[in-house]
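**Student:** Sequence plus the predicted model coming up.
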Amino acid sequence: MTEFPAALGECFVRVSDDLALQGWSVQADALPGELASSLASVCRALWCNDDLSPAAIGQAGEALVMPAIRGDYTRWLDDCPPCAANAAYLTIMEGLRCSLNRSLFLGLDNFETHYALYPPGAGYRKHLDRFKGNPLRTVSVVAYLNADWQPGDGGELRLHLAERILDVAPRSGTLAVFMSDSILHEVLPAQRERASLVGWFRRRPDNPLLR
Ligand code: OGA
Ligand code: MN
């Protein structure tokens with residue numbers, strides 16, 4: 001098994017504890033700074049080379065591009081040329097998956113993730129990440145890749161919690177993790193380009209814990 005720096009291991013434990021307690025967790029500076037800036041460069045290169053596609057809402061088959069509801073441009077990591085930064089990110093997510101399984105018994109089986117770029121003015125209206133009729137997406141993870149994000153730049157992840165609203169700035173290195181079936185959330189329009197990696201830990205279709 002991969003050995004992670006102690007700081008990352010401690011971060012995984014805080015995420016597990018938070019998910020068990022409240023269903024969401026926000027960790028500033030979770031990703032090593034150098035990795036976050038490499039991932040930001042990869043996302044920027046994809047964007048500049050026109051290698052990102054307008055994101056759709058709904059599942060394959062009935063997917064629709066509706067920029068007024070969801071305005072980001074994406075590309076699955078599986079579909080990107082392999083590079084050291086992408087591999088390092090996937091290794092960290094594998095560590096988080098194993099850590100969540102050990103402490104929360106969620107039976108998370110695999111991880112899917114895509115780059116996402118929101119041009120100025122784009123957002124994503126309030127939604128849940130678990131599709132109707134497809135219970136596999138279990139835990140959502142967003143890694144933000146925006147250096148020098150300033151108050152007033154917008155683009156916050158807004159979590160609609162039972163007791164309050166929580167806005168998370170998409171600052172480089174921050175991880176937002178939440179239960180895909182229960183945490184309503186949205187992306188507020190940003191004034192600047194906003195880059196991230198958005199992913200989901202999924203269960204196996206035959207997992208007896210599925211509901
Ligand atoms: C999504 C999403 C949140 C964010 O892509 O489903 O909710 O902060 N993204 O980018
Ligand atoms: Mn979402």
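**Tutor:** Sure thing, it's come through. Ligands and ions are numbered 1, 2, ... in the order given.

**Student:** What's the per-residue pLDDT of residue 145 here?
**Tutor:** Note for residue 145: predicted pLDDT of 98.

**Student:** export stretch 125-139 as CSV, just CAs?
**Tutor:** Below are the C-alpha coordinates for stretch 125-139, written out as CSV (Å, rounded to 0.1, in the frame of the first residue of the first chain):
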residue,chain,number,x,y,z
ARG,A,125,-27.8,25.2,-10.2
LYS,A,126,-28.8,23.5,-7.0
HIS,A,127,-28.7,19.6,-7.4
LEU,A,128,-27.8,16.3,-5.8
ASP,A,129,-25.0,14.2,-7.4
ARG,A,130,-26.8,10.9,-7.2
PHE,A,131,-28.9,10.3,-10.3
LYS,A,132,-32.4,9.0,-10.0
GLY,A,133,-32.4,5.3,-10.5
ASN,A,134,-28.6,5.0,-10.3
PRO,A,135,-27.5,4.6,-6.7
LEU,A,136,-23.8,4.0,-7.4
ARG,A,137,-22.4,7.4,-6.7
THR,A,138,-21.8,7.5,-2.9
VAL,A,139,-19.3,10.1,-1.9
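
**Student:** Now the nearest residue to residue 27 once chain neighbours are set aside. Its backbone dihedrals?
**Tutor:** For residue 27, ignoring the flanking residues on the chain, the nearest one in space by CB to CB, 6 or more residues apart in numbering is residue 175 at 4.7 Å. Where C-beta positions appear, they are placed from N, C-alpha and C, glycine not excepted. Dihedral pair for residue 175: phi -110, psi 130, per degrees, to the nearest 10.
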